[in-house]
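Student: model this:
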Amino acid sequence: MNPHYQARLGWRVPHGWPTDVGAGNFAIHVAHFQREHGRLTVDGILGPKTWAAVQGCTWCPPTQDALIIGNKRVPVPFPVVTWERPDGLSFHDQGGWRRRRDPSGKAVNLFVLHWDGCTSAHQCFHVLVERGLSVHLLVDGDGTVYQTLDLLEASAWHAGRVNERSIGVEIQNPVKLHRNQWQDPPRDVVEEERVHGSGSWQHLDFYEVQKHRIVQLAEVLCELLPIPRKLPMDGNRVSRSLSSPRFHGVCGHYHVSPTKPDPGLTLWPAFERRFLERT
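Tutor: Below is the predicted model of the structure:
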């Protein structure tokens with residue numbers, strides 16, 4: 001992209017963009033959209049509408065329905081793009097993580113949900129690499145699941161003190177209202193109580209396909225690992241840090257970190273309904 005417009009639009013290529021934006025599916029989708037809409041200019045401006053259209057195209061179409069758990073492929077009822085694929089996302093040689101002290105999985109009892117604040121799972125991946133962080137899984141806007149590390153062998157760096165006993169997932173959501181112009185289709189805006197605070201605030205919601213997928217993903221992990229089908233509730237939905245540091249189950253980033261608001265409160269009703277069905 002022309003450096004002038006890169007600066008004007010606030011883009012920083014290393015911050016979430018592919019290192020080679022002139023090749024592969026990314027360039028193909030951009031070129032197709034711009035030709036189709038007659039908007040290709042000499043400067044090759046990539047604005048909100050083009051970017052939003054690109055997000056509707058899965059960069060590496062899933063071909064398998066399996067997660068890698070303890071170096072074994074375990075069938076799951078949804079498509080997964082693993083790090084082993086040529087176009088997959090892998091933290092193995094970048095980002096921050098370490099091997100679990102106990103790779104048997106017996107100590108893994110927590111599933112931590114994050115929102116990424118990004119416009120795509122690929123952008124989130126590059127941001128985490130730059131920050132020396134990692135997660136095991138990413139859920140893109142279209143519901144595509146990317147697995148970046150083995151769920152048992154790797155302790156991802158995503159939630160501080162609970163990393164060793166948890167699995168982390170980043171769910172794509174740009175969160176801030178002005179970023180909705182980069183989403184196709186536009187996301188719903190929700191108003192809810194502030195996590196760790198008073199009053200209310202507005203943010204972008206997850207797509208329904210993402211809500212469905214994250215519940216599916218949690219169901220699989222609860223079935224295969226010692227993660228109970230339990231939410232951090234004490235009669236009302238908890239919107240603050242947990243009083244007990246030893247909670248086992250499915251929780252948000254804000255439950256284990258007093259400075260984080262993610263993933264907001266809109267995912268929990270779907271979990272409540274699903275977990276209630278299983279009781």
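Student: His178 in helix, strand or coil?
Tutor: When classified by DSSP: H, G, I helix; E, B strand; the rest coil, His178 comes out as helix.
Student: quickly note the distance from it to Gln202.
Tutor: Distance of His178 to Gln202, given as CB to CB, to the nearest Å: 11 Å. Quick note: C-beta positions are derived from backbone N, CA and C, even for glycine.
Student: cool, Leu151 as well?
Tutor: In this view, Leu151 and Gln202 are 34 Å apart by CB to CB.
Student: find the nearest non-adjacent residue to Gly95, please.
Tutor: Ser134 (4.1 Å; CB to CB, 6 or more residues apart in numbering).
Student: model confidence score at that neighbour, please.
Tutor: We have a pLDDT of 98 for Ser134.
Student: just checking, it touches Cys124?
Tutor: No. Using CB atoms under 8 Å, Ser134 is not in contact with Cys124; the gap is 10.9 Å.
Student: so which of Leu151 and Gln202 has more stuff around it?
Tutor: Leu151 (21 against 10; other CB atoms under 10 Å).
Student: next, count neighbours for the closest residue to the more buried one other than its chain neighbours.
Tutor: Residue nearest to Leu151 in three dimensions, not counting chain neighbours: Ile69, with 4.8 Å by CB to CB, 6+ apart. Applying other CB under 10 Å, we find 21 residues neighbouring Ile69.
Student: next one: Ile69 from Phe206, what distance?
Tutor: Using CB to CB, one gets 25 Å for the distance from Ile69 to Phe206.
Student: now Ile68
Tutor: Distance of Ile68 to Phe206, computed by CB to CB: 25 Å.
Student: who has more neighbours, these two?
Tutor: Neighbours were counted for Ile68 and for Phe206 using other CB under 10 Å; Phe206 has more, 24 against 19.
Student: tell me if I am right that the more buried one is in a strand.
Tutor: No. Counting by three-state DSSP, Phe206 is located in no strand; its state is coil.
Student: quick one, helices of the stretch 151-279 of the chain?
Tutor: All helices of the stretch 151-279 of the chain, identified by DSSP state H, counting those that start in this stretch, fall at 208-224, 253-256, 268-277.
Student: residues contacting stretch 169-178, please?
Tutor: Residues outside stretch 169-178 that contact it (CB atoms under 8 Å, 6 or more residues apart in numbering) are 111-121, 124, 128, 135-141, 158, 180, 182-183, 187, 189, 202-206, 210, 214, 217, 262-263, 267.
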